[in-house]
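1. Here's a sequence, model it:
(one chain, ligands or ions: 1)
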Amino acid sequence: MSEIPTYTPRSILVTGGNRGIGLAIARAFAEQGDNVAITYRSGEVPEGLLGVKADVTDAASIDAAFTEVEAAHGPVEVLVANAGVTRDTLLMRMSEEDFTSVIDTNLTGAFRVIKRASKGMIKLRRGRIVLISSVVGLYGSPGQINYAASKAGLVGMARSLTRELGSRGITANVVAPGFINTEMTAALPEATQKGYLDSIPAKRFAEADEVAKVVRWIAGPEAGYISGAVIPVDGGLGMGH
Ligand code: NDP
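-> Next comes the predicted model:
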């Protein structure tokens, strides 16, 4: 009788996994049997996931969160750096605080969690790092100089990680969503939403689950030889960028 292959659950951590795209990503991993932890700052922890409090702008809270996840699920083998914010306004009106606070969450925040996760991954001699960027990182977007700079920075980060940690069995990739139906896009003015719809070849926004499935795949065994890549999930909006 041939043996039925069994899936070995991995320890997954998704930052900002309590809602939006992060929650869809966490659910996609949980669906296939992984042990999934999410970070959250306030509110409820979605059912079936381990919630650990953390603010990515605070290294001590990240360290405490990882310690909790490691105790419950073992060292984090898949890290999804998803937590992100926007503070949109045109350059002339953008304060230095508008700029630095977005960089601190989206870019330095990713650095903080990756640095903490890499310790365990190096010891394990395997790991998957997935950075949630955005189509605007390479495409550009008026009113989002801070956000686009933070998201473009993630590309250089993933590629440098690939060069630094590639020999340790660790991959680092960027997933760059276009417009996804979440609270973040719902907050955009209607005219802006319509403008984007007109320029997206697919003529629709995507659902968070469509991003989640790509993240799950890039962190899975079939994608083991992909590293330093930027995978767009944008209905063709950013083609060539
Ligand atoms: P949401 O605004 O719905 O969720 C953002 C998540 O990030 C929340 O879980 C939030 O936690 C968390 N977060 C924000 N700041 C911090 C912080 N300092 N520390 C810890 N967690 C924090 O966003 P989306 O789901 O739409 O976006 C998720 C990611 O995808 C972001 O990086 C975003 O830039 C990116 N993206 C989104 C697109 C879209 O169309 N929606 C398109 C392209 C990229 P809390 O609940 O505590 O606030």
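2. Around the ligand, pick out the residues from the chain.
-> For the chain, the residues in contact with the ligand (CB under 6 Å from any ligand atom) are 15-16, 18-22, 39-42, 54-57, 82-85, 105, 132, 134, 177, 179-180, 182-185. The C-beta positions use only the backbone N, C-alpha and C, and glycine is treated the same way.
3. Got a PyMOL select line for the buried ones in those residues?
-> One line in PyMOL is enough to select the buried ones among the residues of the chain next to the ligand; burial here means 16 or more other CB atoms under 10 Å:
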select buried, resi 15+16+18+19+20+21+22+39+40+54+55+56+82+83+84+85+105+132+134+177+179+180+182+184+185
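4. Give me the subset of the residues of the chain next to the ligand lying in helices.
-> Judged by DSSP state H, helices contain the following of the residues of the chain next to the ligand: 20-22, 183-185.
5. any chance of the residues you listed in CSV, plus pLDDT and distance to Ala223?
-> Listed next are these as CSV, based on pLDDT from 0 to 100; distance: CB to CB, whole Å:
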residue, pLDDT, distance to Ala223
Gly20, 94, 23
Ile21, 97, 19
Gly22, 97, 20
Glu183, 82, 29
Met184, 77, 26
Thr185, 82, 27
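6. from those, which single one is nearest the ligand?
-> For these, the minimum distance to the ligand (CB to the nearest ligand atom) is 2.2 Å, reached by Gly20.
7. Surely the closest one and Val211 touch.
-> No: using CB atoms under 8 Å, Gly20 makes no contact with Val211, being 9.8 Å away.
8. Quickly check the ones in helices among the residues of the chain next to the ligand for the two that are furthest apart.
-> Pairwise distances across those peak at 14.5 Å for Gly22 and Thr185 (criterion: CB to CB).
9. So in the protein, which strand runs the longest?
-> In the chain, with assignment by DSSP state E, the single longest strand is strand 170-177.
10. Just the closest of the ones in helices among the residues of the chain next to the ligand to Ile226, please.
-> Closest approach to Ile226 among these (CB to CB): Ile21, at 20.2 Å.
11. OK, contacts around the closest residue to the closest one other than its chain neighbours?
-> Closest residue in space to Ile21, ignoring its immediate chain neighbours: Ala208 at 4.7 Å, by CB to CB, 6 or more residues apart in numbering. Residues near Ala208 by CB atoms under 8 Å, 6 or more residues apart in numbering: 20-21, 23-25, 180-182.
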